[in-house]
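> generate coordinates for the sequence data below:
(chains A and B)
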Amino acid sequence: MSRVIEERNRRLLRARDAMDRCYAEPLDVAALARIACVSGAHFIRTFRATFGETPHRYLQRRRVERSMFLLRESDRSVTDICLDVGFTSLGTFSRTFREIVGQSPLAYRRSNAPVSGAVPACFTMAWARPSSFGEAGRRTGLVRSSR
Amino acid sequence: MKNFNAITTAHIWVLDHQQALDFYVGKLGLEVKSDFSRGGFRWLTVGVAGEPVPEIVLDVPGPPVMDEKTAEQIRELVTKGATGVVMVLRTDDCFATYERLRAKGVEFTQEATDHGYGIDCGLRDPFGNQIRILQPKAWQG
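Now for the predicted structure:
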């Protein structure tokens, strides 16, 4: 049984990596399930059991993290950033951003200075990703003071 | 006087020694630094050819070091990618290394990208461990 779980984990991880890599593309459940070698419904269920959230939510957090990066580090407009990170409607982007981060994209841009250069990008990407495990809304900045 | 003068050895979990050798030596091109077996255990380390340190211990979880239940938990964490970045390998030419390893079928999570402080890319070993390859800015020409 253990072996079965390990192999499934590894395939699910491959699908999760694909979301991290191709977040800006129109990813659908069918394509991701193919990477994980499971059916669509089974993919959503096992992904959630393995990683603690649905693939949709994981992808949303990835896209929002990338948008936070662009809001902090670039001058691009909110609409451009919305499209850059894979959202197709500004309304959905703004609502999702606010829901996950706890403030609007523009408010986030105003209250967060760039951090590039200080920390390796892969580490920033991993740690600056907004959490969906209850903390969203409470911790919106990057600085994790005295922990 | 400082307490240490180098990091000589570090450790990562792999799920199978032979598969680990095929990947770390056969694909990445590291060399075996030490391979000693007796009874149930195997001391297997790899490192960069020509560099004395550090050596990375490729270790398979299981009894008698830990009970089977614990080993199972470790294997699950490794395969779901929860071990974090286990090592960063330095290169003189990240783009070339990326292309060479990709041609060998290495599973990349991120293509070679210029981040300002250097060029880097990300990959996974066959088990789920994450590895980065970095060409720091100071190393360029």
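
> neighbours of residue 50, just the number please.
You didn't say which chain, so I picked chain A. 19 (other CB atoms under 10 Å in any protein chain shown). Placement of C-beta: from N, CA and C, glycine included.

> chain B is the one I meant
Counted with other CB under 10 Å, residue B:50 comes out at 6.

> and the gap between it and residue B:31?
8 Å (CB to CB, to the nearest Å).

> got any ranges where chain A has weak pLDDT?
A:1, A:116-118, A:132-147 (pLDDT under 70).

> helix or strand for residue B:116, which one?
Using DSSP states H and E, residue B:116 sits in no helix or strand.

> ok, now how distant is it from residue A:121?
Residue B:116 is 8 Å from residue A:121, by CB to CB.

> among these two, which residue is more densely surrounded?
residue A:121 (20 against 9).

> please list all residues in contact with the more buried one.
B:113, B:115, B:120 (CB atoms under 8 Å, 6 or more residues apart in numbering or on different chains).

> from residue B:40, how far out is the closest residue to the second one other than its chain neighbours?
The one in question is residue B:115. Spatial nearest neighbour of residue B:115, chain neighbours left out: residue A:121 (4.5 Å); criterion: CB to CB, 6 or more residues apart in numbering or on different chains. Residue A:121 sits 42 Å away from residue B:40, going by CB to CB.

> can you check residue A:57 too?
43 Å.

> same thing with residue A:66?
In terms of CB to CB, residue A:66 sits 47 Å off from residue B:40.

> which of those two has more neighbours?
Applying other CB under 10 Å to residue A:66 and residue B:40 shows that residue A:66 carries more neighbours, namely 20 against 9.

> ok, the residue nearest to that one when sequence neighbours are not counted - contacts?
Distances taken as CB to CB, 6+ apart place residue A:85 nearest to residue A:66, at 4.4 Å, with adjacent residues excluded. Taking CB under 8 Å, 6+ apart, we find residue A:85 in contact with A:23, A:24, A:63, A:64, A:66, A:67, A:70.
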